[in-house]
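# The following block contains a protein sequence and its predicted model.
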Amino acid sequence: MIEFVASSRLFNLHTHHTTYQFLIDPNGFLLHTYYGRRCGGDSFGYLLRQADRGFSPNPREAGRDRTFSLDTQPQEFPAVGVGDFRTPVLEVENADGSCAADLRYVSHTISSGKYALEGLPAFYGEEGEAETLEVLLRDPWTGLEATLYYGVFPQLDLITRAVRFQNGGSQPIALTRAMSACLDLGRMDLDLITFDGYHTGERHPCRQAVRPGLQQISSIRGITSHQHNNFVVLCQKDAGETHGLCYGMALVYSGNFEANVERSQFGDVRLTMGISPWHFRFQLAPGEVFTAPEVAMTCSGSGLQTMSQNFHRAIRHNLCRGWWKTRRRPVLLNTWEAAYFDFDQQKLLEIASSAAETGVELLVMDDGWFGERNDDYEGLGDWFVNLKKLPGGLAPLVEQINAMGMDFGIWIEPEMVSEKSRLYQEHPDWALQIPGRPSTRGRSQLVLDFSREEVWRSVYAQIKKVLESANITYVKWDMNRSLTDVWSGALPAQRQGELYHRYVLGVYAMLEQMITDFPKILIEGCSGGGGRFDCGMLYYTPQIWASDNTDAMDRLLIQYGTSFCYPTSTVGSHVSASPNEQTGRRTSLQTRAVVAMSGTFGYELDPRKLSEGERSQMRAQIDEFKRFYHLLQDGDYARLTNPFRDQEFTAWQHTAPDRSEALVSVVAGMARSNAPFRTVYPRGLDPDMIYQVDGWGCFRGDTLMYGGIPLPQGGGDYQSWQFHLKKV
Ligand code: DGJ
């Protein structure tokens with residue numbers, strides 16, 4: 001519920017469990033007053049204390065009063081150059097070369113429903129599910145306008161924000177920083193959690209104290225990156241899974257980003273998030289507009305688990321879209337680790353027939369089916385079937401696979417081009433390259449200039465033909481390098497700073513076109529695994545390949561970190577061969593399946609190489625996955641242990657919203673001789689409910705939660721168990 005109290009010029013944004021508040025001060029500055037547990041709506045304006053602070057300047061309206069300074073007040077959308085020296089959200093170059101922007105309140109509107117952002121992904125809400133607040137600010141001296149958008153989803157405890165900038169003056173203005181949100185939290189003793197890593201080791205949580213000065217994570221790779229996810233958490237020092245105040249903020253965007261946490265001279269904490277200002281310069285002629293992407297925030301007064309569950313629900317119901325949003329996703333077998341580039345029709349049919357017998361529902365033909373693509377040095381950009389490998393094209397192959405009772409999907413990497421390709425021979429200028437400089441290769445390939453509509457449309461036309469040529473129900477959209485040599489022949493020199501963002505808009509435009517033309521195709525996002533795992537992509541692709549690392553034990557870490565923001569239903573996860581391709585580690589088929597079931601579930605191995613026993617185990621696993629699907633994909637998720645800390649075992653739980661059923665999954669670490677007894681403690685059960693625990697007995701919920709479930713002893717390294725609890 002959004003409330004405006006005219007007498008005190010106060011905005012209250014209430015969700016079921018939180019309140020967000022700011023006010024308009026007498027000089028038109030928006031001052032942030034509160035974000036936390038739900039309150040009745042009294043003004044927290046009394047917390048805006050003032051003192052004469054040295055070196056903190058005062059706006060002219062203050063006259064001789066030296067106690068008001070933008071440098072010391074909590075602000076809703078702080079600009080630069082007029083008195084606040086903390087991290088700004090806005091930086092400009094005005095026509096006269098000055099850098100000041102001074103945004104003052106002009107007007108606001110409150111409406112039902114959720115705002116949308118043209119060309120950009122955003123959470124959505126039906127009438128009655130969300131409300132929108134728009135606050136118009138203007139710099140009276142240049143005419144620059146900023147409309148702050150707030151989307152309030154009461155039931156989800158979610159607040160979204162975005163900003164639309166318009167040059168309402170008569171001179172050009174360049175935006176050199178245009179971030180999406182600021183959260184000034186006042187003086188609090190907080191920890192910052194970021195999700196960091198590397199290719200094959202994404203989203204490892206890093207928790208550290210917020211200290212004086214600036215802490216920053218960012219990506220300037222053109223994509224969100226394996227190195228830092230665009231989701232961050234601020235929480236009280238003693239906050240844990242089930243207690244403490246926590247704030248989560250996620251950027252709904254897939255390109256360069258920056259998140260800054262600054263603790264000021266007086267201990268106030270500011271969080272800002274948005275597009276990275278690095279090589280960002282958006283030129284606004286009079287009347288022109290720039291929209292900063294959306295940020296989604298939630299606040300939990302009861303720990304990290306609730307914070308995560310708020311995001312999970314919102315992403316599942318109000319970000320993912322379309323045909324596959326609520327449908328059960330197919331159990332797939334992907335050919336990458338089974339065959340790499342080395343396949344032909346015969347081999348695919350053999351793999352397919354072997355997979356079909358185990359209950360696999362979808363065969364995904366990964367990289368290598370098009371152009372002259374026999375290794376990763378060639379072929380990208382030539383999206384026509386390699387007839388040497390697949391004579392007759394896709395139709396006869398797909399027909400035979402369909403006849404086995406399986407669907408069929410393909411891999412694409414539309415944003416890329418190999419120098420050894422027909423596309424590059426015809427259009428070398430379509431690749432991002434700086435004239436006169438040798439271009440930098442990544443995975444031996446170049447990046448296409450997706451800021452140019454004719455480029456993505458031409459690639460799309462080729463891919464569309466392929467998708468129309470056979471019964472294709474799934475596409476894996478990959479992206480395998482960081483952007484370099486970012487220069488476009490289609491932009492004048494002073495607009496090259498727009499290119500990173502325009503590239504992302506081009507990617508979104510092609511995805512939107514594909515969804516429109518093929519609404520029933522399931523698109524799985526991928527960027528060398530989890531290099532572009534973000535809320536932006538999830539608007540188009542309801543699942544994303546979480547990592548190129550398929551080792552079950554490493555995946556425990558990756559999936560643990562991923563779960564802080566992203567629901568199980570979005571996490572691409574497969575059972576691969578043992579020993580594992582990336583680590584050489586041996587784990588049981590059972591353990592690999594338990595881990596992959598905390599994701600979209602599938603296989604990435606050659607089923608022909610499995611023993612009869614393993615194949616029947618695979619069959620049983622697929623049945624189990626289907627049996628537990630409603631819990632795994634829609635249940636409330638709880639992290640029962642922290643695999644970065646707890647060596648003995650890792651455990652997590654999916655619980656039905658009505659608490660009548662739960663699945664507790666456990667994977668043990670290395671075996672120890674004469675080991676102590678181990679017990680796993682489920683969470684969030686109904687204390688008075690009687691649960692049947694598969695293969696064990698009937699117990700009250702409180703007995704199970706407080707007494708725990710004993711784990712079997714021995715059995716070697718990396719044992720695993722699933723305990724299914726069902727109301728009797
Ligand atoms: C990187 C992906 O993450 C892999 O799963 C696979 O699709 C390869 N690219 C293919 O080149």
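Happy to help now that I have it. As the structure is a prediction and not an experimental result, all values here were calculated from the model.

# so who does the closest residue to the ligand within the stretch 251-400 of the chain touch?
Closest residue of the stretch 251-400 of the chain to the ligand, Cβ to the nearest ligand atom: residue 367 (3.5 Å). Bear in mind the C-beta positions are built from the backbone N, C-alpha and C, glycine included. Contacts for residue 367 (Cβ atoms under 8 Å, 6 or more residues apart in numbering) come out as 336, 340-341, 373, 376, 411, 413, 478.

# just residue 105 next, same as before
Neighbours of residue 105 in contact, by Cβ under 8 Å, 6+ apart: 24, 28-30, 135-137.

# and of those residues, the nearest to residue 51?
residue 29 (17.2 Å; Cβ to Cβ).

# Next one: residue 695 from the ligand, what distance?
36 Å (Cβ to the nearest ligand atom, to the nearest Å).

# so what pLDDT did that residue get?
In the predicted model, residue 695 carries a pLDDT score of 82.

# How about the residues of the stretch 301-450 of the chain by the ligand?
The stretch 301-450 of the chain comes close to the ligand at residues 336, 366-367, 411, as judged by Cβ under 6 Å from any ligand atom.

# The residues you listed, buried ones only, as a ChimeraX selection?
Burial among those is assessed by 16 or more other Cβ atoms under 10 Å; the matching ChimeraX selection reads:
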select :336,366,367,411
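
# Next step: the residues of the stretch 301-450 of the chain next to the ligand restricted to helices.
Residues of those located in helices (DSSP state H): residue 336.

# can you list the contacts of residue 105 in TSV and add pLDDT and secondary structure?
Compiled in TSV, the contacts of residue 105 are given as follows (pLDDT from 0 to 100; DSSP: H, G, I helix; E, B strand; the rest coil):
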residue	pLDDT	secondary structure
24	98	strand
28	97	coil
29	97	coil
30	98	strand
135	98	strand
136	98	strand
137	98	strand
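
# List phi and psi for the residue nearest to residue 446 when sequence neighbours are not counted.
Among residues not flanking residue 446 along the chain, residue 431 sits closest, at 4.0 Å (Cβ to Cβ, 6 or more residues apart in numbering). When quoted as degrees, to the nearest 10, the phi and psi of residue 431 stand at phi -90, psi 150.

# and if you look at residue 151?
Dihedral angles for residue 151 - degrees, to the nearest 10 - are phi -110, psi 130.

# Please list all residues in contact with it.
114-115, 122-123, 125, 130-132, 158-161.

# if we go to 10 Å?
Residue 151 is in contact with 2, 13, 113-116, 122-125, 129-133, 158-162, 294, 296, 318, counting by Cβ atoms under 10 Å, 6 or more residues apart in numbering.

# try residue 555
Per Cβ under 10 Å, 6+ apart, neighbours of residue 555: 546-547, 549, 562, 571, 573-574, 576, 580, 587, 592, 595-596, 598-599, 643, 667.

# Give me the subset of these that lies in strands.
Among these, the residues falling in strands (DSSP state E) are 571, 576, 667.

# Just the closest of those to the ligand, please.
For the ones in strands among the contacts of residue 555, the nearest to the ligand is residue 576 (10.3 Å; Cβ to the nearest ligand atom).

# Can you report how many residues lie near the closest one?
For residue 576, the count of nearby residues is 24 (other Cβ atoms under 10 Å).

# Just the pLDDT for it.
So residue 576 comes in at 98 (pLDDT).

# cool, residue 97 as well?
pLDDT, residue 97: 97.

# and if you look at the one 10 residues further on?
Residue 107 carries a pLDDT value of 98.

# Quickly list what the nearest residue to it once chain neighbours are set aside is bridged to.
Ranked by Cβ to Cβ, 6+ apart and with sequence neighbours excluded, the top spatial neighbour of residue 107 is residue 136, at 5.0 Å. With DSSP bridges applied, residue 136 shows beta-bridge pairing to residue 107, residue 147.

# ditto for residue 232
According to DSSP bridges, the partner residues bridging residue 232 are residue 249.

# what does this structure put close to the ligand?
Contact residues (Cβ under 6 Å from any ligand atom) of the chain with the ligand: 336, 366-367, 411, 478, 480, 526, 528-529, 545, 548.

# Can you tell me which of the residues you listed is nearest the ligand?
residue 367 (3.5 Å).

# C-alpha coordinates for the top strand by length along the chain, CSV please?
Longest strand in the chain, counting residues (DSSP E): strand 289-300. The C-alpha coordinates for strand 289-300 follow below in CSV (Å, rounded to 0.1, in the frame of the first residue of the first chain):
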residue,chain,number,x,y,z
VAL,A,289,15.1,10.1,-22.3
PHE,A,290,17.3,7.5,-20.6
THR,A,291,15.9,4.8,-18.4
ALA,A,292,18.0,3.2,-15.7
PRO,A,293,17.2,-0.4,-15.2
GLU,A,294,15.1,-1.8,-12.3
VAL,A,295,16.3,-2.7,-8.9
ALA,A,296,14.3,-5.1,-6.6
MET,A,297,14.6,-4.9,-2.9
THR,A,298,13.3,-6.8,0.0
CYS,A,299,13.7,-6.5,3.7
SER,A,300,13.3,-9.3,6.3
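
# how's the chain carved up into domains?
2-318, 332-634, 638-727 (automatic domain parsing).

# now, among the ones in strands among the contacts of residue 555, which is nearest to residue 557?
Closest to residue 557 out of the ones in strands among the contacts of residue 555 is residue 667 (11.2 Å), distances taken as Cβ to Cβ.
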